[in-house]
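In: here is the input, now give the coordinates:
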Amino acid sequence: MPTLTDLPLPTIEGGSPGLGGVLGVPDGEGPWPGVVMVHEAFGVTPVMRRQVERSAAAGFLTLMPDLFVDGGPRKCLRRTFGDIARGAGRTFDDVESARRTLASRNDCTGKVGVLGFCMGGGFALMAVQDQGFSAASANYGRLPKPLDPRLVGACPVIGSYGGRDASLRGAAARLDAALERHGVPHDVQEYPTAGHSFLNDEPHESNPVMGLLLELVLHAGPDPAAAADAWARIDGFFSLHLR
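Out: Numbers count the residues shown, from 1 in each chain. Here you go, the predicted model:
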């Protein structure tokens with residue numbers, strides 16, 4: 001079984017004071033390739049901690065920084081989405097701290113990928129250029145605007161989307177076509193039965209208004225069959241490009 005540990009992370013210039021994260025260390029002897037895992041908009045929830053554990057069980061030294069350390073989703077969500085949209089800011093500094101932490105460890109090979117869910121999936125697509133990552137996994141993440149300039153010289157990208165997620169209708173096809181245009185190694189798939197957050201192993205807890213949004217627009221929630229296939233693709237893609 002992998003080991004999960006909460007640990008402090010160094011604050012780099014522009015980053016969050018008191019930054020911390022969840023580290024998943026695979027069982028056995030390393031070194032292992034690293035994965036910075038970027039959480040969804042609900043923060044570092046028990047569901048996200050289990051995603052760290054799952055990634056470590058697959059043989060990746062996995063670190064999820066807490067991007068909401070300054071006060072949780074209510075206080076930090078707008079700023080974090082703003083950072084992601086413009087491709088700079090504290091969010092990028094905090095993820096860079098996590099990347100450096102992994103790359104400098106003796107049990108890491110030095111190769112590091114980035115994997116994100118929802119908000120974190122959008123971040124992953126903004127981090128494919130010149131951010132030190134050797135591969136990126138974007139899971140139901142919003143596409144950069146404009147898209148094409150962000151993909152010039154990008155690292156290999158794997159993307160997974162839900163066909164029932166009305167908020168991201170057509171995103172998978174647009175991403176796939178753009179990556180093809182730029183000659184970026186990629187694997188993008190849309191799962192017809194899945195909605196948003198289909199890689200999670202349980203539904204979100206939310207208030208009634210948010211619940212309606214999650215149900216009627218995003219069709220959010222687990223899809224075990226789609227998730228199993230997506231995880232197999234992600235593990236294989238990361239093994240190819242990080243090991």
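
In: ok, Asp94 touching Phe68?
Out: No: using Cβ atoms under 8 Å, Asp94 makes no contact with Phe68, being 10.0 Å away. No exception for glycine: its C-beta is placed from N, CA and C like everyone else's.

In: and the end-to-end length of stretch 57-68?
Out: 25 Å (Cα to Cα, to the nearest Å).

In: what segments of this protein are helices?
Out: 46-57, 72-86, 90-104, 119-126, 171-181, 208-212, 224-242 (DSSP state H).

In: so which of these is nearest His39?
Out: Taking Cβ to Cβ, helix 46-57 is the member of the helices of the chain nearest to His39, at 4.6 Å.

In: what average pLDDT does the closest one get?
Out: In this model, helix 46-57 has a mean pLDDT of 98.

In: buried ones in it?
Out: Val47, Met48, Arg49, Gln51, Val52, Glu53, Arg54, Ser55, Ala56 (16 or more other Cβ atoms under 10 Å).

In: any idea how far it is from the chain center?
Out: How far helix 46-57 lies from its chain's middle: 12 Å, per Cα atoms, centre = their mean, to the nearest Å.

In: just checking, what packs against that helix?
Out: strand 3-8, strand 20-25, strand 32-38, strand 61-65, strand 108-117 (3 or more Cβ pairs under 8 Å, 6 or more residues apart in numbering; DSSP states H and E).

In: so what touches that helix?
Out: Identification of contacts with helix 46-57 by Cβ atoms under 8 Å, 6 or more residues apart in numbering yields 1-4, 22-27, 35, 37, 39-40, 42, 62-64, 115, 117, 199-202, 231.

In: dihedrals phi and psi, Ala194?
Out: phi -100, psi 150 (degrees, to the nearest 10).

In: is the residue positioned nearest the centre of the chain in a bridge, and if so with what?
Out: Nearest to the geometric centre of the chain sits Gly116, at 0.8 Å (Cα atoms, centre = their mean). As for beta bridges, Gly116 partners with Val38, Ala138 under DSSP bridges.

In: pull the contacting residues for it.
Out: Taking Cβ under 8 Å, 6+ apart as the test, what Gly116 contacts is Met37, Val38, His39, Gly122, Phe123, Ala124, Ser137, Ala138, Asn139, Gly141.

In: same thing but 6 Å
Out: Neighbouring residues of Gly116 by Cβ atoms under 6 Å, 6 or more residues apart in numbering: Val38, Phe123, Ala124, Gly141.

In: lowest-scoring secondary structure element of this protein by mean pLDDT?
Out: helix 208-212 (a mean of 64; mean pLDDT, DSSP states H and E).

In: could you redo the helices and strands packed on helix 46-57 as CSV and give each row mean pLDDT and distance to Gly236?
Out: Putting those into CSV (pLDDT from 0 to 100; distance: least, Cβ to Cβ, whole Å) gives the following:
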stretch, mean pLDDT, distance to Gly236
strand 3-8, 97, 24
strand 20-25, 98, 19
strand 32-38, 98, 13
strand 61-65, 98, 16
strand 108-117, 98, 13
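
In: all good on my end, thank you.
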